[in-house]
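**Student:** Dropping the sequence and predicted coords here.
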Amino acid sequence: IGPPGPRPVVIAATDCSDPALPVLREAWRIAAALGDQIFLVHNIDSEASQFAARIGMPMTPALADIVVHRSREWLESAAAIPNIVITRASDNATGVLGAAQSMGADLLVVGVKPDAKAPHRTAEQILANAQRSVLFVPFAGARTAATAG
């Protein structure tokens, strides 16, 4: 990805599915060695599809805007960091990769879920399309290289 800048940028991508924010914790550990610029990125697709699926109703643009606002509020409270970016791309991988590109990220930290909980295959899409270093953080039950077929 080229030489690191004077203050390397680390991006932690989260889908907010784990309130403990394990991806952010791992990003903090790495950021301590690389520099202190860390950003938390969360993508909400145009229809906020995960939220719509949970509540069982169609998502209007106005309701999607409310989801964006509430997500930002929750992340500001839970993460206690000022650098939070909410993207509105059509899919999570596109939103996260776009944010990483626009911010000149040196490292992207992404969670990997078990196959049954990852219908969008975001981690795989990021791996296939990333043009920067990526650290994958396995969630409980996630497939690892040792258990992969």
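**Tutor:** Great, that's in hand.
**Student:** Okay, and Ile11 sits in which element?
**Tutor:** Assigned by DSSP states H and E, Ile11 falls within strand 9-13.
**Student:** Pairing partners for that strand, with directions?
**Tutor:** With DSSP bridges as the test, strand 9-13 is paired with strand 37-43 (parallel), strand 107-112 (parallel).
**Student:** Let me have these in TSV, extended by mean pLDDT, distance to Arg29 and mean neighbour count.
**Tutor:** For glycine as for every other residue, the C-beta is placed from the backbone atoms N, C-alpha and C. Shown next, in TSV, are the strands paired with strand 9-13 (pLDDT from 0 to 100; distance: least, CB to CB, whole Å; neighbours: other CB atoms under 10 Å):
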stretch	mean pLDDT	distance to Arg29	mean neighbour count
strand 37-43	82	10	23
strand 107-112	86	9	24
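**Student:** Could you export the ones you listed to TSV, including columns for distance to Ala123?
**Tutor:** Converted to TSV, the strands paired with strand 9-13 look like this (distance: least, CB to CB, whole Å):
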stretch	distance to Ala123
strand 37-43	13
strand 107-112	4
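**Student:** wait, which of those strands is closest to Glu26?
**Tutor:** Closest to Glu26 of these, according to CB to CB: strand 107-112, at 5.6 Å.
**Student:** Provide the contact partners of the closest one at residue level.
**Tutor:** Outside strand 107-112, the residues that touch it by CB atoms under 8 Å, 6 or more residues apart in numbering are 8-15, 18, 22-24, 26-27, 30, 34, 96-97, 100, 118, 122-123, 126, 130, 132-139, 142-143.
**Student:** Could you tell me which of those residues belong to strands?
**Tutor:** With DSSP state E as the criterion, strands contain 9-13, 133-138 from among the contacts of strand 107-112.
**Student:** Farthest-apart pair in these, please.
**Tutor:** Most distant of the ones in strands among the contacts of strand 107-112, by CB to CB, are Val9 and Pro138, 23.3 Å apart.
**Student:** which intervals of the chain have sub-threshold pLDDT?
**Tutor:** Counting by pLDDT under 70, the chain contains low-confidence residues at 1-7, 32-36, 46-53, 57-59, 115-120, 140-149.
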